[in-house]
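*Asks:* coords please:
(chains A and B)
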Amino acid sequence: MSDDVKYEQGKVIEGHEFDGIQELDNPPPPWIMYLFYLTVLFSIGYWIYYHMTDAGPLQEDEFKQEMAIVAKAEAKRVADAPPVSTTASTDPADIVAGKELYTGKACFACHGMNGEGNAIGPNLTDNFSIHGCDFTNTIKVIKNGVPAKGMTPYKDQMNQKQTEQLASYVLSLVGSNPANAKDAQGIECK
Amino acid sequence: MENQRFSYDNKIVRLFMHATIIWGIVGVLVGLLIALQLPFPAFNFELSFLTYGRVRPIHTNAIIFAFVGNAIFTGVYYSMQRLLKTRMFSDALGRFHFWGWQLIIVAAAITLALGYTMSKEYAELEWPIDLAIAIVWVAFGINITGTMIKRRTKHIYVAIWFYIATWTAIALLHVVNSIEIPVSLFKSYPVYAGVQDAVVQWWYGHNAVAFFLTTPFLGLMYYFLPKAANRPVYSYKLSIIHFWSLIFLYMWAGPHHLLYQALPDWAQTLGVVFSIMLIAPSWGGMINGLLTLRGVWDKVREEPILKFFVVAVTAYGMATFEGPMLSLKNVNAISHFTDWTPAHTHIGGMGWNGLLTFGMLYWLVPRMYGVKIFSKKLANTHFWIATIGMLFWAIPMYWAGVTQSLMWKEFNEDGMLAYPNFLETVIQIVPMYITRVVGGSLYVVGFLMMMYNLYKTMAIGNFIGDEETSAPALHVESEKRAAGESVHGWLERKPVQFTIWAVIAVAIGGAVEIIPMITVKSNIPTIETVTPYSPLELQGRDIYIREGCYNCHSQQVRPFRSEVERYGDYSKAGEFVYDFPFQWGSKRTGPDLARTGDMNSKMYKSAAWHYNHMLDPSSTSPGSLMPSYPWLYDTKIDNNSLERKIEVMQFLGVPYPEGFAQEAIGNLQTQAEQVAKEIPGAKADTEIIALIAYMHKVGSGISPKK
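*Replies:* Predicted coordinates:
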């Protein structure tokens, strides 16, 4: 065997016999010792790098660095996103896209499959609204949410165009009279 | 010197062996059940005691303490007598140890199913069982020490060094991690809170792996592998070096379970570097095992026992290389909280512990029954099916872990999370969860083959209960080191001194990390706005603990853009000062819950949402794998021990005003009414209300509600 060539067969150590098991006086393979010394050196270096010099960022600094890069991109994202429209779209393509978002973002979990509302969230199909009826207000609610009442903000999950498509779809549901509609909440829309 | 006649006690070995086999099959079957529950939540059966959060700890405890534990004792009781040329010190202590341990296992299974848990991983058991463990462990300690003292060999062999380290370290870990104040017979709070509790727990958790799954098995390897191969151990010197370096270094590495979490940087760094330094000492065991086989590799082809040993030792080598790699912060940032972790643990558990145990059992049974194995061919088939099963288990989990982690971290061109809904990343890996069930099933089939094979062997053989033998008496050595005797050689004939040095070696690491965490205030900077839990929230928290929510949900947002974006502000050490015990978790099968009470977080949901979600998770989250918790809706909050709970909290330093314990019930009812008002149809005195109140408290300390 190649092992035999590489690791010379040592001698049996005298007096070391335990239930028939003997031990050889081979030294440890050198590579394992070098590996150990290497990991010790690594550890000393690691400690110096992170704790005795300013070279290595600790976790809070690392986070700040990551977020600083993002902040630049963020500024661009906000600048890039003026409202496309101030009124709801009636373009069937936008309505279909909005409907997909309504399903994809699980809006139905709180507002029902057809916007009829359920134990968690209000009916979206009647002529009443808690936070304002028009397109701009609908956009605002989708973006910023109403955390105290459980409406999650979606501004970090959809871009401006998607938000407008979703709002257009939601407003298109008004007057659709779905089954099991929840009682009206909020004020009547004019 | 005259030869003394005596006998080895095989009966105690047989008892532990039967327990190993029986608990082993129970443990893997329970594992199979929870593996099924993940892709198919229907397997939770809507029954509290069969729900994942309660069953998963039964699986881990059954495998670690029942299967592996009994395997350790089987091997220790067999090998120790022969290595020391004496019967065990006391037959009675051995029986006490055996029956005590099995009683603890039964008590553990029942109490965990009923939801009595400390929620500290692998240390879930409540205080009466913790006490019982301590007593049985002491009995075991007396028995092995007594055996060493009455031995007939001059030196103690390396296998026994590892048994000594196992005993001392586990005693230390168990005692320190289990200091708790009882509230009632089955409820207690640990004395450590938040960060301190996390550090103590993972010092324990990591070293339970080290000193329950690793060192005793290295000891078993050092006995059974050279015996089965009939070869001398490759290097005595390597044994010494890797033994002492291993037991000293292991104890420092615990904080690698808490990387990028609310732990001071210095402690994290210690966790990283000591894990890296562990590679060579761990591999020392592997190469000493593998090199012992040099020259007999042709035998490995023939002999299933050696095959089991070779793959076990190789799995050990892989897991102990992977562990340090996972301890590097940049790797850990990807792997942690994902299925990579269970993949890693199962290479260790199924490979190293499982296969080594199987090999040992195939070796032991024929010898204790004086026959050949019933079917070598079947043992060979078991080997292959177990190995393939293990791969079918682990590879999909590596895949799932990396896939999910990359999805968690991906941003789209708009600078938003590509998969903002956590559930999308779960549904993606369901096929891998199903593949894992296949792997686990294969492993179970192999186990059944072994049971059949071993019991057939027992049936054809005749059990040798007392194995007659003889050995010369040990002539009394001088206390002092003889001329030409090495220091270690001297230590090897002084078991008590040896044990003392082992205690010193294992005590240092924990002391350096834990003591400053408790005594130095700057390690946990105070946050003024963090307030204690109200009585209702505290009750809700105890329900969260009882249901084992921490098994799938972390409460720890790491300082990464992707996590802050998904969950909210990252977690700070000062937020957890009233958390007895901490609930950071170690796995995200569901999303992190550290910010469910913070209205600025996307994780904030209304009371009505939580109410519907926990009754039927798929109603609010279609495709969710979460079980439903119908019993929370008709079980009333148990306020019998509430007063005592508040008093214990006050004793632990929680600043409730004086006399608050007596007002607690009134306070609880008022808050419960308020919460229930927000939910159509909810009853204020039910457990779900307390749980929702707790959800709305978690993580709210950094931005208090107006």
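*Asks:* show me where the chain has strands.
*Replies:* Let's take chain A. Applying DSSP state E to chain A gives strands spanning A:12-18, A:21-24, A:128-129, A:187-188.
*Asks:* I was thinking of chain B, sorry if that wasn't clear
*Replies:* With DSSP E as the definition, chain B shows strands at residue ranges B:3-9, B:180-184, B:187-190, B:466-472.
*Asks:* and these, which is most packed in?
*Replies:* Each of those was given a mean neighbour count from mean count of other CB atoms under 10 Å in any protein chain shown, and the largest, a mean of 22, is that of strand B:187-190. All C-beta spots, glycine's among them, are computed from the backbone N, C-alpha and C.
*Asks:* Could you list the alpha-carbon positions for that strand in PDB?
*Replies:* Written as PDB, here are the backbone C-alpha positions of strand B:187-190 (Å, rounded to 0.1, in the frame of the first residue of the first chain):
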ATOM      1  CA  LYS B 187     -42.000  25.100  34.800                       C
ATOM      2  CA  SER B 188     -38.800  27.100  35.500                       C
ATOM      3  CA  TYR B 189     -36.900  30.000  34.300                       C
ATOM      4  CA  PRO B 190     -33.100  30.000  33.700                       C
END
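*Asks:* circling back to that earlier point, save the strands of chain B as TSV, and put in distance to chain A too.
*Replies:* Shown next, in TSV, are those (distance: least, CB to the nearest CB, whole Å):
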stretch	distance to chain A
strand B:3-9	10
strand B:180-184	31
strand B:187-190	26
strand B:466-472	10
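*Asks:* Now tabulate those in CSV and tack on mean pLDDT.
*Replies:* As requested, these are arranged in CSV below (pLDDT from 0 to 100):
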stretch, mean pLDDT
strand B:3-9, 96
strand B:180-184, 97
strand B:187-190, 98
strand B:466-472, 95
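*Asks:* Can you lay out those strands as TSV showing distance to B:L293?
*Replies:* Listed next are the strands of chain B as TSV, based on distance: least, CB to CB, whole Å:
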stretch	distance to B:L293
strand B:3-9	27
strand B:180-184	46
strand B:187-190	45
strand B:466-472	27
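*Asks:* nearest to B:I241, of those?
*Replies:* Each of those was scored for nearness to B:I241 using CB to CB, and the closest is strand B:466-472 (30.0 Å).
*Asks:* Just list what that closest one packs against, helices and strands only.
*Replies:* Where contact means 3 or more CB pairs under 8 Å, 6 or more residues apart in numbering or on different chains; DSSP states H and E, strand B:466-472 is packed against strand B:3-9, helix B:10-37.
*Asks:* Deepest in the core, which of those is it.
*Replies:* The stretch of the helices and strands packed on strand B:466-472 with the highest mean neighbour count (mean count of other CB under 10 Å) is helix B:10-37, at a mean of 21.
*Asks:* Run the angle between that one and strand B:466-472 for me.
*Replies:* With axes from the mean of the first three to the mean of the last three CA atoms, to 10 degrees defining the directions, helix B:10-37 sits at 120 degrees from strand B:466-472.
*Asks:* Give me the helices and strands touching helix B:10-37, please.
*Replies:* In terms of contact count using 3+ CB pairs under 8 Å, 6+ apart, helix B:10-37 is assigned the packing partners helix B:52-61, helix B:69-84, helix B:91-113, helix B:356-369, helix B:430-460, strand B:466-472.
*Asks:* what packs against the first one?
*Replies:* Contact analysis of helix B:52-61 by 3+ CB pairs under 8 Å, 6+ apart lists helix B:10-37, helix B:91-113 as its packing neighbours.
*Asks:* Swap in 10 Å and give it another go.
*Replies:* On a contact count with 3 or more CB pairs under 10 Å, 6 or more residues apart in numbering or on different chains; DSSP states H and E, helix B:52-61 meets helix B:10-37, helix B:91-113, helix B:535-546.
*Asks:* Find the closest residue to chain B in chain A.
*Replies:* Proximity of chain A to chain B (CB to the nearest CB) peaks at A:G150, 2.3 Å away.
*Asks:* so what's that residue up against?
*Replies:* A:C110, A:I120, A:G121, B:M599, B:Y604, B:K605, B:S606, B:A607, B:A608, B:W609, B:H610, B:E678 (CB atoms under 10 Å, 6 or more residues apart in numbering or on different chains).
*Asks:* what do you get if the cut-off is 7 Å, keeping everything else the same?
*Replies:* Residues touching A:G150, when contacts are defined by CB atoms under 7 Å, 6 or more residues apart in numbering or on different chains, comprise A:I120, B:K605, B:S606, B:A608, B:W609.
*Asks:* do B:H382 as well
*Replies:* B:F358, B:G446, B:M449, B:M450.
*Asks:* now, the most widely separated pair of those residues?
*Replies:* Checked with CB to CB, the contacts of B:H382 reach their widest spread between B:F358 and B:M449, with 10.0 Å between them.
*Asks:* the more surrounded of those two?
*Replies:* Just comparing B:F358 and B:M449: by other CB atoms under 10 Å in any protein chain shown the higher neighbour count belongs to B:F358, 27 against 18.
*Asks:* The residue lying closest to B:V76 once chain neighbours are set aside: how many residues sit nearby?
*Replies:* In space, not counting the residues next to it along the chain, B:V76 is nearest to B:Y163; the distance is 5.6 Å by CB to CB, 6 or more residues apart in numbering or on different chains. B:Y163 sits with 27 neighbouring residues when counted by other CB under 10 Å.
*Asks:* check contacts around B:Y163.
*Replies:* B:V76, B:M80, B:I144, B:P216, B:G219.
*Asks:* Those residues of the stretch 451-600 of chain B touching chain A, which are they?
*Replies:* Residues of the stretch 451-600 of chain B lying near chain A by CB under 7 Å from any CB of the partner chain: B:P559, B:R561, B:E565, B:Y570, B:M599.
*Asks:* From those, which land in helices?
*Replies:* Those of these mapping onto helices are B:R561, B:E565, per DSSP state H.
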